[in-house]
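Engineer: Give me a 3D structure for the following:
(one chain, ligands or ions: 1)
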Amino acid sequence: MEKIVFRHQEIETLPLPQLKELQRQKLQKTVEAALKTPFYKKRLNDAGIRDARDIQTEADFRKIPYTTKHDLREAFPYGMLAADKADVVRMHASSGTTGVPTVVYLTQADLDKAAELNARSCACTGSTKNDVFQNMMTYGLFTGGLMLHYGAERLGMMVIPSGSGNTKRQLQLMKDFRTTVVHATPSYLLHMYDVMKEEGFRPEDFALKKAYIGAEPHSEDIRKKIEMLYGIDAYNSYGLSEMNGPGLAFECVYKNGMHLWEDYYIGEIINPETLQPLSDGERGELVLTILERNGMPILRYRTRDLTRFIPEPCPCGRTHRRLERMTGRSDDMLIINGVNVFPSQIEEVIMKMPEIGNNYLIRVQKQGPLDKLTVKVEVTSSVFTDDTRDLENLQKRIQSNLQAVVFIRPAVELHEPGALPVSQGKAVRVIDERKES
Ligand SMILES: [Zn+2]
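Structural biologist: The predicted structure is shown next:
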């Protein structure tokens, strides 16, 4: 077993039954605090829960209704605040694309705990106080920048709070201070590499060893690309502002799934349609309960992120279960003739086929009583000039590859390069015509 640095070794390797018992004890205190808020008092009383002592078993826990982002907005601004307002030292908010933002409140103890979990996460990747940490995430209302900043300091790394943007300055800082660890979005690191080449920096100008990547969905191929371009290790981080941002689940040196810190969070995977819990290994929606957050408890929060718990133990020896990378959002899910299909699954299949370009479109229609799924793809220019028999074969291959993953056989249309409208995001790639009829 790899030697775990930092002072959490005992808690990180706590056997599962003891970890569960710890969760149970902390949950009672959390429910007690939640009952003090107007929102949860009503919500829990309506579900027959009047006292924290009503929550003893796993079955009791499951009686607690789910909390949604909508609930957080309804409770805006102070409906879920559990602490005395004078004891709150920090708020964070996620930008409200639909209007009202979602806000979380932290006391000094909450902030200390968040820093500690972020320090543990950094240590989990092998970082130590000898490292120089350049934080290229946005600081401010968003939790991503500040929380990992505190964690890196807590571990004793030297922190360069560069924030996002100004790529030339980022590179100069990296060079001057011999930065060893960066924290950024994957797309920013890909962009920075291009600037690095344009500006004439050489690999030996830098001492970079690691990147912490998160805050946007990305594939394993993107991680590999970042590792290859910079000659470093890239570690996945998962967090959401409602749950304090980063320091929630982080990869260890084995880079095979993110350990969810189960002494502070209870994780569940549910079927997003039936809302029933699924067992370890099954893919579904992640539901999280944050334990011991005095400022603002949140119970059984539906993250809408899709993942699974990796059932096998991790070779690093940590007992906290690993979450697989997020594969999409439950609100993106299409139900086609009763089968759950995610646009991200289709994207993954077609992106692996070299004959297909980067642009595609998914169309769902009603055909009599049934649903019809059509996947339109652009082929690369070299393929399009070939004869029609080759195109038919390609079409069949795409169909079979898709069928193997989504379990239904879609219609496939091939288009010449540039024929499909250029899309600005995932949502625009899906046209669901059933909703209009
Ligand atoms: Zn591990």
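
Engineer: Could you check how far G165 is from the ion?
Structural biologist: Distance, G165 to the ion, using CB to the ion, to the nearest Å: 33 Å. To be clear about C-beta, it is placed using only N, CA and C from the backbone, and glycine gets the same treatment.

Engineer: try L334
Structural biologist: L334 is 34 Å from the ion, by CB to the ion.

Engineer: Then R325?
Structural biologist: Counting by CB to the ion - R325 and the ion are separated by 14 Å.

Engineer: Now do the same contact list for that residue.
Structural biologist: 218, 220, 236, 257-258, 307 (CB atoms under 8 Å, 6 or more residues apart in numbering).

Engineer: can you pull the pLDDT of it?
Structural biologist: Note on R325: pLDDT of 92.

Engineer: Next, it: phi, psi?
Structural biologist: phi -50, psi 150 (degrees, to the nearest 10).

Engineer: Which residue would be the closest one in the stretch 151-300 of the chain to the ion?
Structural biologist: Closest to the ion within the stretch 151-300 of the chain is C252: 3.3 Å, counting by CB to the ion.

Engineer: my guess is that residue meets C316, correct?
Structural biologist: Yes: contact criterion CB atoms under 8 Å: C252 and C316 qualify, at 4.6 Å.

Engineer: Which pLDDT value goes with S437?
Structural biologist: 47.

Engineer: any weak-confidence spans in the stretch 251-400 of the chain?
Structural biologist: 385-386 (pLDDT under 70).

Engineer: Would you mind pulling up the elements that the strand with the most length in the chain packs against?
Structural biologist: The residue-count maximum for a strand in the chain (DSSP state E) belongs to strand 356-367. Judged by 3 or more CB pairs under 8 Å, 6 or more residues apart in numbering; DSSP states H and E, strand 356-367 is in contact with strand 334-336, helix 343-351, strand 370-379, strand 430-432.

Engineer: Could you dump these into JSON lines and include mean neighbour count?
Structural biologist: Formatted as JSON lines, the helices and strands packed on strand 356-367 follow (neighbours: other CB atoms under 10 Å):
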{"stretch": "strand 334-336", "mean neighbour count": "16"}
{"stretch": "helix 343-351", "mean neighbour count": "18"}
{"stretch": "strand 370-379", "mean neighbour count": "19"}
{"stretch": "strand 430-432", "mean neighbour count": "14"}
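
Engineer: Three-state assignment for Y254, please.
Structural biologist: coil (DSSP: H, G, I helix; E, B strand; the rest coil).

Engineer: Was I right to think it contacts C316?
Structural biologist: Yes: using CB under 8 Å, Y254 is in contact with C316, at 5.7 Å.

Engineer: Among those two, which residue is more densely surrounded?
Structural biologist: More crowded of Y254 and C316, by other CB atoms under 10 Å: C316, with 18 against 13.

Engineer: Roughly how far does the more buried one sit from the ion?
Structural biologist: Counting by CB to the ion, the gap from C316 to the ion is 3 Å.

Engineer: Return the members of the contacts of R325 classed as buried.
Structural biologist: 218, 236, 257-258, 307 (16 or more other CB atoms under 10 Å).

Engineer: what's the most distant pair in the residues you listed?
Structural biologist: H218 and G257 (14.9 Å; CB to CB).

Engineer: which phi and psi does H92 have?
Structural biologist: According to degrees, to the nearest 10, H92 has phi -130, psi 150.

Engineer: what's the spacing between it and the ion?
Structural biologist: Distance from H92 to the ion, by CB to the ion: 28 Å.
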